[in-house]
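A.B. asks: prediction below, plus the sequence it came from.
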Amino acid sequence: MVKLIDRIDAELRVGGIHFEYKNGKIIIPLPNSFDALVVEIWREEEDSITLMNGDFHTHGDILAREYDLESSEKAIRFLVESIFNGKFKMVKLYSDNGSFENTIWDSYALLDIDEYDNYEIVSEKQ
């Protein structure tokens, strides 16, 4: 049986997505030097996708269910491609003291924006 990390590696390569390995994790740099996605494997077949320096967390199987995709590895590729093509947004959320936190907003999060949110959509910067 092919390990999940190897299947994810192969799927990202099919998509032409640049990544590197660091400490057994897949690191995917994001555009505009925004941050990097970190893909880790827990207990052989369970993945976790986070931002290296931000507040974002999901799993390939959850994305696969939400977006009707056939596997975790295809869902991870979908996530990365959606960030790269602008469907999902790279966002800086600002607090009252001026600090910020990086996150990713998918199509569901974009529905929850209200007038009091203090944010910048980095992926739309020129």
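C.D. replies: Nice, I can see it.

A.B. asks: just checking, next helix/strand downstream of the helix or strand of the chain with the lowest mean pLDDT?
C.D. replies: The least trusted helix or strand in the chain, going by mean pLDDT, DSSP states H and E, turns out to be helix 107-110, with a mean of 78. Counting by DSSP states H and E, the element after helix 107-110 in chain order, helix or strand, is strand 119-121.

A.B. asks: who does that next one pair with, and is each partner parallel or antiparallel?
C.D. replies: strand 89-94 (antiparallel) (DSSP bridges).

A.B. asks: re earlier: could I get the CA-only coordinates of the least confident helix or strand of the chain as CSV?
C.D. replies: The C-alpha trace of helix 107-110 is given here as CSV (Å, rounded to 0.1, in the frame of the first residue of the first chain):
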residue,chain,number,x,y,z
SER,A,107,-16.3,30.2,-0.3
TYR,A,108,-18.1,29.4,3.0
ALA,A,109,-16.1,31.9,5.1
LEU,A,110,-16.6,34.6,2.5
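
A.B. asks: can you give the distance of it from its chain's centre?
C.D. replies: 14 Å (C-alpha atoms, centre = their mean, to the nearest Å).

A.B. asks: low-confidence stretches in this protein?
C.D. replies: 1, 123-126 (pLDDT under 70).

A.B. asks: mind giving me the domain ranges of it?
C.D. replies: 4-84, 89-124 (automatic domain parsing).
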